[in-house]
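# Provided below are the primary sequence and the corresponding predicted coordinates.
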Amino acid sequence: MDYDRYDRVRAVQWQGDHLRLLDQRLLPREERWIDCSHAAEVTRAIRDLVVRGAPAIGIAAAWGVVLAAQQGEALDPALAMLRAARPTAVNLMWALDRMKSRIAAGADAAALAVEAQAIQDEDLAANRHMGELGAALIAPGSGVLTHCNTGSLATAGFGTALGVIRAGVAGGRIDRVYAGETRPWQQGARLTMYELVRDGIPARLIADSAAAHLMKSGEVQWVIVGADRIAANGDTANKIGTYQLAIAARHHGVKFMVVAPSSTVDMATPDGEAIEIEMRDPAELLATAGQRTVVEGAEAWNPVFDVTPAGLIDAIVTERGVIEHPNALAMQAVFGR
Ligand SMILES: CSC[C@H]1O[C@H](OP(=O)(O)O)[C@H](O)[C@@H]1O
């Protein structure tokens, strides 16, 4: 497939002595870049969602460790600080563990940069492979609904769920693309639509609350989402709202696909109950674009991920292959332990 035609955004760019991040808080209004020269700046960028998306925050954190080494900072506190930036996406911990084992083996800043680049390159390759694997599951002429942003902005490039959609459109399997706006941060409205429009892929935005009605209409045959952590039994944590999409999909006979690299699989977490769900500032719900929209004095509850039980998932696609009807045994066969 013509990757240059479909995938041109690179939100995480290593510049040799600093990390350049596309500020996703400002998209699509403005394309502003932020330069980070210290691990603390990368930590802040991850925590404040300058860079977001499970694989992308792992990659950024790996570069944060390189910066700490270049600056002669103590590496253990830098690793701990980066690790604490966000709790749910296991790619962050996975990338830092990879960097930690290189440090333990005596790697200097240059060797750590090689490892960070490998993490980034492997993610892009995994996404392209998953795109082909996932698209092959989709019958020609299908419609799909996706949630949040799982594209180039959320990864090293091409995307996970959005990668499958790119490959499915390019291969003539997907005729209709719908994206949920993904309240409250609006990753779907602001970021997924930005990527799809740049690619020239026709897509329609829906309000999150229109999803079940869309499924009932027969316009979509698959819901395709990414993941932040997949437990050993296949339970999957992803952006808040994913669980209700899976329930509605099962009710309407719409298939449900999770697409994520193996760095998102956490075989040390037995099931979804054990996944920590990030709680964010209620202000994200009470205001839009910095403008208070809810009456003063009102309170809000703002969990930003939920867990979809494995039983509601038809296929988990990783670069290691497709697991249909995931369960603990099937996961173990692919990922061991
Ligand atoms: C392929 S990215 C996975 C994941 O990251 C998103 O969360 P956030 O925007 O809060 O970092 C979302 O859950 C995506 O599905």
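Sure, I can see it.
# wait, does stretch 216-229 make contact with the ligand?
Yes. Judged by Cβ under 6 Å from any ligand atom, stretch 216-229 comes into contact with the ligand through 225-226, 228. C-betas here are computed from N, CA, C, even on glycine.
# among these, which are in helices?
Applying DSSP state H to the residues of stretch 216-229 next to the ligand, no entry is found in helices.
# would TSV of these with pLDDT and neighbour count be doable?
Converted to TSV, the residues of stretch 216-229 next to the ligand look like this (pLDDT from 0 to 100; neighbours: other Cβ atoms under 10 Å):
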residue	pLDDT	neighbour count
Val225	98	28
Gly226	98	31
Asp228	98	30
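# name the nearest of these relative to the ligand.
Gly226 (3.3 Å; Cβ to the nearest ligand atom).
# in this structure the closest one contacts Val259, no?
Yes. Using Cβ atoms under 8 Å, Gly226 makes contact with Val259 at a distance of 6.0 Å.
# need the residues touching each of the two.
Here Gly226 and Val259 share the contacting residues 150, 160-161, scored by Cβ atoms under 8 Å, 6 or more residues apart in numbering.
# of those, which belong to helices?
Ala161.
# can you select the buried ones from the shared contacts of Gly226 and Val259 in PyMOL?
Selection of buried members from the shared contacts of Gly226 and Val259 for PyMOL, criterion 16 or more other Cβ atoms under 10 Å:
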select buried, resi 150+160+161
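# in the stretch 201-337 of the chain, which spans are strands?
Per DSSP state E, counting those that start in this stretch, the stretch 201-337 of the chain carries strands over the ranges 204-206, 222-225, 229-231, 236-239, 255-259, 265-266, 287-288, 291-292, 305-308, 315-318, 321-324.
# using the record's domain definitions, break the chain down for me.
3-126, 127-335 (automatic domain parsing).
# picking that back up, out of the strands of the stretch 201-337 of the chain, which gets the lowest mean score?
Note on the strands of the stretch 201-337 of the chain: strand 287-288 shows the lowest mean pLDDT, a mean of 88.
# parallel or antiparallel, list what pairs with that strand.
strand 291-292 (antiparallel) (DSSP bridges).
# run through who's touching the partner strand.
Leu286.
# name the single longest strand found in the protein.
strand 174-180 (DSSP state E).
# buried set for that one?
For strand 174-180, using 16+ other Cβ under 10 Å, the buried residues are 174, 176-180.
# and if you look at stretch 251-259?
So for stretch 251-259, counting by 16+ other Cβ under 10 Å, buried means 252, 254-259.
# list just the nearest of those to the ligand.
Using Cβ to the nearest ligand atom, the buried residues of stretch 251-259 come closest to the ligand at Val259, 7.9 Å.
# so who does that closest one touch?
Here Val259 is in contact with 130, 134, 150, 160-161, 163-164, 224-227, 316-318 (Cβ under 8 Å, 6+ apart).
# what residues does the stretch 101-250 of the chain put near the ligand?
148, 150, 154-155, 160, 187, 225-226, 228, 238-239.
# reformat those as a markdown table; add distance to Leu79.
Formatted as a markdown table, those follow (distance: Cβ to Cβ, whole Å):
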| residue | distance to Leu79 |
| --- | --- |
| Cys148 | 27 |
| Thr150 | 27 |
| Ala154 | 23 |
| Thr155 | 22 |
| Thr160 | 25 |
| Gln187 | 27 |
| Val225 | 30 |
| Gly226 | 25 |
| Asp228 | 20 |
| Asn238 | 26 |
| Lys239 | 26 |
